[in-house]
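Asks: sequence-free structure coming up:
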């Protein structure tokens, strides 16, 4: 069940950073395991939950993602595209959070490390395996323009080698979830920390998926804009026409063309381009580039009529 971090700290959603700090300080001191020797296990569980809530709500990036996507948004992936929201840093350990907040209270630091790690030492170094970290492994994630427009979820089944309890390599399989966010661009990176291969005595490599955009039959992407090439007859270019264009989310967009189409002319439809990843409620433009198809031949009567009509227009 998803945890309501605001409820954990007994805060409303419009609480400011000072409110978050005060609530954490009060509850962390209340539920610290060393302050509750009788109900030690219950206190430790509540203390860790308080630390986790503070870790998210005290960080503007994490808090913004949590407010929009909930706890799942903090767990699924980290996204490094410069045009997208900054990635949330990895979750901190409760002792790190407490130590940073109460950095001048060394006895509390030692007490909590002893409580959580069974007598000292850093739990994090035990999980990471120590040693140097292997180079990250990158793999392409092919996405259709529709996926990048509407968003999508992918499940990627991976196989990797890790050392067993005796230091011998074994193969493990795992399914990773990737939530493709509307507006992501080619080159966006989704990082799964330590989900690559691991050698004995070293930390596992990070696994990175890099978004690759598939070509589309109708649309081309130009930043946040979508570009469409459309052919017109000479008659349509001079007298106007009506275009029905099917968008990437399946809507039929009626577009009247009333202007005379000159060479290089573009019809611009605001807010019908790609979603902007920083704010998916906003979109770029749809730009229609026209190619006027001239007739291959004209009869003598047609030439005469054109001279008469266009001559009258010129006069």
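Replies: Yep, that arrived. In this text, all values refer to a predicted model and were calculated from it rather than measured experimentally. Numbers count the residues shown, from 1 in each chain.
Asks: what element comes up after the one helix or strand in the chain whose mean pLDDT sits lowest heading to the C-terminus?
Replies: Lowest by mean pLDDT, DSSP states H and E among the helices and strands of the chain is helix 123-128, with a mean of 37. Using DSSP states H and E, the helix or strand that follows helix 123-128 towards the C-terminus is strand 137-143.
Asks: Quick check: next helix or strand after that next one?
Replies: Following strand 137-143 in sequence, per DSSP H and E, is helix 145-150.
Asks: May I see the buried residues of that following helix?
Replies: 145, 146, 147, 148, 149 (16 or more other C-beta atoms under 10 Å). In this view, the C-beta of every residue, glycine as well, is placed from N, C-alpha and C.
Asks: which strands and helices sit next to it?
Replies: With contacts taken as 3 or more C-beta pairs under 8 Å, 6 or more residues apart in numbering; DSSP states H and E, helix 145-150 sits against strand 207-213.
Asks: Quick check: what element follows the strand it packs on along the chain?
Replies: That would be, after strand 207-213 and using DSSP H and E, strand 219-222.
Asks: which residues are contacting that following strand?
Replies: Residues from elsewhere that reach strand 219-222 (C-beta atoms under 8 Å, 6 or more residues apart in numbering): 145, 185, 213, 226, 227, 228, 229, 248, 274, 287.
Asks: Need those residues in TSV (columns: pLDDT and secondary structure).
Replies: What follows is the contacts of strand 219-222, written out as TSV (pLDDT from 0 to 100; DSSP: H, G, I helix; E, B strand; the rest coil):
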residue	pLDDT	secondary structure
145	95	helix
185	92	coil
213	94	strand
226	96	strand
227	96	strand
228	95	strand
229	93	strand
248	94	coil
274	95	coil
287	96	strand
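Asks: how about those residues, which pair is most distant?
Replies: Within the contacts of strand 219-222, 185 and 229 form the most distant pair, 21.2 Å apart (C-beta to C-beta).
Asks: So which of these two has more stuff around it?
Replies: Neighbour count, other C-beta atoms under 10 Å: between residue 185 and residue 229, residue 185 has more, with 18 against 12.
Asks: Distance of the more buried one relative to residue 26?
Replies: According to C-beta to C-beta, to the nearest Å, residue 185 stands 44 Å off from residue 26.
Asks: now residue 180
Replies: Separation of residue 180 from residue 26 (C-beta to C-beta) stands at 41 Å.
Asks: So for the two, which sits in the more crowded spot?
Replies: Between residue 180 and residue 26, counted using other C-beta under 10 Å, the more crowded position is residue 180 (22 against 13).
Asks: Tell me how far residue 228 lies from residue 234.
Replies: Following C-beta to C-beta, the distance that separates residue 228 from residue 234 is 20 Å.
Asks: ditto for residue 182
Replies: 39 Å.
Asks: Compare those two (neighbour count), which wins?
Replies: Using other C-beta under 10 Å as the criterion, residue 182 and residue 234 rank with residue 182 on top: 18 against 13.
Asks: which one is that one nearest to, not counting chain neighbours?
Replies: Computed as C-beta to C-beta, 6 or more residues apart in numbering, the closest residue to residue 182 that is not its neighbour in sequence is residue 275, at 3.9 Å.
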